[in-house]
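> Sequence first, predicted coordinates after that:
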Amino acid sequence: MQDAVATHGPANAAAGATFYCAAAGVYASTHPPVALPSDPSLSLVPHIFARLPAARPDAPALVDAATAEALSRADLRRLVSALAAGLRRRRGLREGDVVLLALPNSIAFPVAFLAVLAAGSIATTMSPFSAPAEIAARVRDTSPALVFATLDNVGKLPPLRVPVVLVPDAFHLADEGAPEFAPFRELLLLDSEPLPGPSVGQDDAAAILYSSGTGGRSKGVVLTHRNLIATVELFVHFEASQYAAPACDNVYLAALPMFHVYGLSLFAVGLLSLGSTVVVMKRFDAGEAVKTIRRFKVTHFPVVPPIMAALVHTTKPAAMPLECLVQVSTGAAPSSRRLIDDFVKAFPHVDLIQLMIAEKYLSRLVLPNGLARLQLFRKGTIKSLRGSVFNYQSITSVLKIKDESRLWIQVGYHRGYGMTESAAVGTRGFNTSKHKKYGSVGLLAPNMHARIVHVETGCSLPPGSCGELWLHGPAIMKGYLNHVDPCAINGGWLRTGDIAYFDFDGYLYIVGRLKEVIKYKGFQIAPADLEAVLIEHPGIVDVAVTSTEDEEAGEVPVAFVVRKSGSGLSCTQVMEYVAKQVSPYKKVRKVVFVESIPKSPAGKVLRRLLRESLAASAVAGPTSYSESNSMRHSRL
């Protein structure tokens, strides 16, 4: 049987690791602690508005990408306060009531979300594209007192004994609007007599967000006001503190869904507290995104790899240089080396942040003509004569200069790790001249602690040893809704289900998922390892690896492969390609060609659907997983 503990480094180095307490088996953040609010009666919305810069109340906080309608910082304060009062006075919402937001991205989404919390109620979000059965299941699980929906999806709502209020995509503050939105407008009418504030505090529930379901059935993650305040401080404000440019000058494009924890934590919560401008797209379209970036001078664009790929393939740099764009951050799923290379060639002036990137990668950046030189500033930025700003840590060295307009640059990618259950807080990494950890997801966020636990014995493991990652800190969820899971929370520790290890400098590396780890004849195989090999094949554009049961081996790796258009790649060629690059026990045993890999709105591979597809095929009859029957798996 393969040893359950893999080591990465000298065994005696753990003793000198100041971030690790061997007696307790606990890892601490190497960042200085951040002072969090101590007032137990504080809730999220007052904290956000206390953090919002008081200067320039007329500065835009939210902008509709389609109509250019803008809500200023003052508008945001007023509308959230008015809607919160309307929910309590006209809809009778009380502390602890749940409001379901089945809304797409819009400038109304953050207002509705924050107003629900300001009213003392609990917000739960879900995709507006959910099927009626999914909506009915969510209603049964959360028992909402009110549902916010849109004209686009109200027809999909199952028969409900719950009031439904239609929310417009935009406010049109000077226009009375359509009659179907009259109930929503009535909620915004201010009364002369103010209501007393709700009696909720940091330890009360604020939101119920559903996990992606990659490890099984989706469960409601109960996050408190304390958790979301920690998100504001330990994720958004901490990251902003690492840059020289004032955060209030940044313009973000919101194309990622706000009903997911990452989009919510950025666009509906954290960035508003910084005073940044958020330009909101209802749905992503590559061509429209390019126009929006140019029109509103967007500086920052958080994406997932499919959006990043669409941006590269849509944009012609010579015609649309997007000079205003400073930073693109991509996460949720690893980007291929080829996609990263294509991106930096298309946008050489943009600082690319890759979350959970694969092993070391030296990228070539060719700066366009006209950049005569780079000026280095010691306070954290590198600025070209064209005004494009790079984060200092993202450019670690100039390797070769052919002339004044062509540079070879080693790019350091910032990385991060977080979960819905940790309110998007976990780690964040920045390369420095001393440490260039391209395969790591970074250092523990301030105020966070971790353990690496042996999956069989439950013992804590030192640096260099692989085990299950446990997290502890102010961002960890209160628990799962209607689901007591002793395996999830153990004495305040969140069992992430991720297999990981810390190196001897305190950097965390994610190896795979506990439930996703494939056990082949006693050997453990991380799907991510095989995916990293497969994605480098020139005939493969996307891939996901899972397992299927095997009488002899226990489990065998199965690769779901999306071939490049026009490619004649065969199953045998795929397996031979992998076999040449991995240990014998890691070889891919079966291949299924598909048109696309099923992913969550955040871009994570839904391996559960892949396994269900394999199980359905097994019930239907034996299959050889050859090209002749690949079409049965073409749509999952």
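Alright, I've got the coordinates.
> now what about whichever strand or helix holds residue 560, what contacts it?
Assessed by DSSP states H and E, residue 560 sits inside strand 554-563. Outside strand 554-563, the residues that touch it by Cβ atoms under 8 Å, 6 or more residues apart in numbering are 518-522, 525, 527, 530, 534, 539-550, 569, 574, 578, 586-597, 610, 614, 625, 633. Backbone N, C-alpha and C define where each C-beta goes, glycine included.
> can you pull the buried residues of that strand?
Buried positions in strand 554-563, judged by neighbour count with 16 or more other Cβ atoms under 10 Å: 555, 556, 557, 558, 559, 560, 561, 562, 563.
> What are the phi and psi values at residue 255?
Here the main-chain torsion angles of residue 255 (degrees, to the nearest 10) amount to phi -110, psi -20.
> Was I right to think it contacts residue 306?
No. In this structure residue 255 lies outside contact range of residue 306 using Cβ atoms under 8 Å: 10.8 Å.
> Out of the buried residues of strand 554-563, which one has the lowest pLDDT?
Lowest-confidence member of the buried residues of strand 554-563: residue 555, scoring 86 (pLDDT).
> Beta-bridge partners for the nearest residue to that one once chain neighbours are set aside, please?
Once flanking residues are discounted, residue 555 sits nearest to residue 547: 4.2 Å by Cβ to Cβ, 6 or more residues apart in numbering. Listed by DSSP bridges, the beta-bridge partners for residue 547 are residue 557.
> Can you tell me how far residue 547 is from residue 456?
Note on residue 547: its distance to residue 456, by Cβ to Cβ, to the nearest Å, is 19 Å.
> and if you look at residue 161?
Separation of residue 161 from residue 456 (Cβ to Cβ): 48 Å.
> the more surrounded of residue 547 and residue 456?
Between residue 547 and residue 456, counted using other Cβ atoms under 10 Å, the more crowded position is residue 547 (24 against 9).
> wait, the more buried one sits on residue 512?
No. Residue 547 is beyond contact range of residue 512, at 11.5 Å (criterion: Cβ under 8 Å).
> what's the overlap in contacts for the two?
In terms of Cβ under 8 Å, 6+ apart, residue 547 and residue 512 are both contacted by the residues residue 527.
> What mean pLDDT does the strand or helix carrying residue 511 get?
In the assignment (DSSP H and E), residue 511 maps to strand 508-513. Across strand 508-513, pLDDT averages out at 84.
> and after that strand, which helix or strand comes next?
strand 518-520.
> which of the residues in that next one are buried?
Result for strand 518-520 [16+ other Cβ under 10 Å]: buried residues 518, 520.
> Domain map for this structure?
44-57+71-200, 236-415, 518-633 (automatic domain parsing).
> Export stretch 51-71 to PDB, keeping only CA atoms.
Extracted C-alpha coordinates of stretch 51-71, given in PDB (Å, rounded to 0.1, in the frame of the first residue of the first chain):
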ATOM      1  CA  ARG A  51     -15.000  52.100   5.200                       C
ATOM      2  CA  LEU A  52     -16.300  53.900   2.100                       C
ATOM      3  CA  PRO A  53     -14.200  57.000   1.500                       C
ATOM      4  CA  ALA A  54     -16.200  60.100   2.500                       C
ATOM      5  CA  ALA A  55     -14.600  62.200  -0.200                       C
ATOM      6  CA  ARG A  56     -16.300  62.500  -3.600                       C
ATOM      7  CA  PRO A  57     -19.800  61.300  -2.700                       C
ATOM      8  CA  ASP A  58     -20.800  61.900  -6.300                       C
ATOM      9  CA  ALA A  59     -18.100  59.400  -7.600                       C
ATOM     10  CA  PRO A  60     -19.700  56.400  -9.400                       C
ATOM     11  CA  ALA A  61     -19.900  53.300  -7.300                       C
ATOM     12  CA  LEU A  62     -21.900  51.100  -9.800                       C
ATOM     13  CA  VAL A  63     -22.300  51.600 -13.600                       C
ATOM     14  CA  ASP A  64     -24.600  49.700 -15.900                       C
ATOM     15  CA  ALA A  65     -22.400  48.600 -18.900                       C
ATOM     16  CA  ALA A  66     -25.300  48.500 -21.300                       C
ATOM     17  CA  THR A  67     -27.000  51.800 -20.500                       C
ATOM     18  CA  ALA A  68     -24.200  53.700 -18.700                       C
ATOM     19  CA  GLU A  69     -26.700  54.400 -15.800                       C
ATOM     20  CA  ALA A  70     -24.600  55.100 -12.700                       C
ATOM     21  CA  LEU A  71     -25.200  55.000  -9.000                       C
END
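> can you pull out the strands in the stretch 1-150 of the chain?
Assigned by DSSP state E, counting those that start in this stretch, the stretch 1-150 of the chain shows strands spanning 20-21, 26-28, 60-64, 70-72, 98-101, 122-125, 146-149.
> Okay, the most centrally placed residue in the chain and residue 223: tell me how far apart.
Centroid-nearest residue in the chain: residue 262, 4.3 Å away (criterion: Cα atoms, centre = their mean). Relative to residue 223, residue 262 is positioned 13 Å away (Cβ to Cβ).
> Also residue 302?
Residue 302 is 20 Å from residue 223, by Cβ to Cβ.
> can you check residue 306 too?
Relative to residue 223, residue 306 is positioned 27 Å away (Cβ to Cβ).
> thinking in terms of the whole chain, how far from its middle is stretch 166-186?
Counting by Cα atoms, centre = their mean, to the nearest Å, stretch 166-186 is centred 31 Å from the centre of its parent chain.
> I meant to write stretch 114-128 there.
20 Å.
> Rounded mean pLDDT for that stretch, please.
96.
> Straight-line length of that stretch, end to end?
Length of stretch 114-128, first residue to last, Cα to Cα, to the nearest Å: 18 Å.
> So for it, what gets flagged as buried?
Buried residues in stretch 114-128, counted by 16+ other Cβ under 10 Å: 114-128.
> Also stretch 585-603?
With burial defined by 16+ other Cβ under 10 Å, the residues of stretch 585-603 counted as buried are 586-594, 597-603.
> Which of those sits closest to residue 349?
Nearest to residue 349 among the buried residues of stretch 585-603 is residue 603, at 24.5 Å by Cβ to Cβ.
> Got phi/psi on residue 105?
Main-chain torsions, residue 105, degrees, to the nearest 10: phi -60, psi 130.
> With residue 264 as the reference, measure out to it.
Counting by Cβ to Cβ, the gap from residue 105 to residue 264 is 11 Å.
> can you pull out the strands in the stretch 501-636 of the chain?
Taking DSSP E, counting those that start in this stretch to define them, one finds strands in the stretch 501-636 of the chain at 508-513, 518-520, 523-525, 540-550, 554-563, 590-593.
> Measure how far the fourth one is from the centre of its chain, please.
Averaging C-alpha coordinates over strand 540-550 and over its chain gives two centres that are 22 Å apart (Cα atoms, centre = their mean).
> name the helices or strands packed onto that strand?
Counting contacts by 3 or more Cβ pairs under 8 Å, 6 or more residues apart in numbering; DSSP states H and E, strand 540-550 is packed against strand 518-520, helix 527-534, strand 554-563, helix 607-620.
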